[in-house]
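**Q** I need the structure of the sequence given here:
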Amino acid sequence: MKTIAKIKLIKTLQIQHEETGSEARLQREKRQLSLRKVATKMNISPSYLCDLELGRRKWNMKKIRLFEASVESLSY
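**A** Numbering: from 1, shown residues only. The predicted structure is shown next:
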């Protein structure tokens, strides 16, 4: 893969992680759930969840599903 193509791919993936994080934070705040409460339910540190929400760490399907399940279970 050429260098320019790699840079574009990396930027695209970074934007996707940032968008996923922004959406996650929006959903958490919409349900009035604290970062600490959701992180505890996910069995990760609050700082790690914060990094995910800010796009500093990468989301994967396992983390997305765990986040969704945690938010859903805490919403009731």
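**Q** use CA for all of it now, contacts and neighbours both
**A** OK.
**Q** where do the helices sit along this protein?
**A** 3-30, 35-42, 46-53, 61-74 (DSSP state H).
**Q** I'd like the ones you listed as a markdown table, with mean pLDDT and mean neighbour count appended.
**A** Formatted as a markdown table, the helices of the chain follow (pLDDT from 0 to 100; neighbours: other Cα atoms under 10 Å):
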| stretch | mean pLDDT | mean neighbour count |
| --- | --- | --- |
| helix 3-30 | 77 | 14 |
| helix 35-42 | 97 | 18 |
| helix 46-53 | 96 | 18 |
| helix 61-74 | 93 | 14 |
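**Q** So residue 59 is in contact with residue 18, correct?
**A** No - counting by Cα atoms under 8 Å, residue 59 does not reach residue 18; the two are 9.2 Å apart.
**Q** count of neighbours near residue 60?
**A** Other residues near residue 60 come to 9 when the count uses other Cα atoms under 10 Å.
**Q** correction: residue 32
**A** Neighbour count for residue 32, taken as other Cα under 10 Å: 11.
**Q** that older thread, now do the shared contacts for residue 59 and residue 18.
**A** residue 52 (Cα atoms under 8 Å, 6 or more residues apart in numbering).
**Q** tell me the contacts of residue 58?
**A** Residue 58 neighbours (Cα under 8 Å, 6+ apart): 17, 52.
**Q** quick one, phi psi at residue 60?
**A** phi -130, psi 170 (degrees, to the nearest 10).
**Q** Determine how far stretch 19-33 lies from the middle of the whole chain.
**A** Centroid separation for stretch 19-33 versus its chain: 9 Å, with Cα atoms, centre = their mean, to the nearest Å.
**Q** can I get the CA coordinates of that stretch in PDB?
**A** The C-alpha coordinates for stretch 19-33 follow below in PDB (Å, rounded to 0.1, in the frame of the first residue of the first chain):
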ATOM      1  CA  GLU A  19     -17.400   9.300  16.000                       C
ATOM      2  CA  THR A  20     -18.000   6.100  17.800                       C
ATOM      3  CA  GLY A  21     -16.700   7.700  21.000                       C
ATOM      4  CA  SER A  22     -18.800  10.800  20.500                       C
ATOM      5  CA  GLU A  23     -21.900   8.700  20.000                       C
ATOM      6  CA  ALA A  24     -21.100   6.500  23.000                       C
ATOM      7  CA  ARG A  25     -20.700   9.600  25.200                       C
ATOM      8  CA  LEU A  26     -24.000  11.100  23.900                       C
ATOM      9  CA  GLN A  27     -25.900   7.900  24.700                       C
ATOM     10  CA  ARG A  28     -24.400   7.700  28.100                       C
ATOM     11  CA  GLU A  29     -25.100  11.300  29.000                       C
ATOM     12  CA  LYS A  30     -28.600  11.000  27.400                       C
ATOM     13  CA  ARG A  31     -29.400   8.300  30.000                       C
ATOM     14  CA  GLN A  32     -27.700  10.500  32.700                       C
ATOM     15  CA  LEU A  33     -25.200   7.800  33.500                       C
END
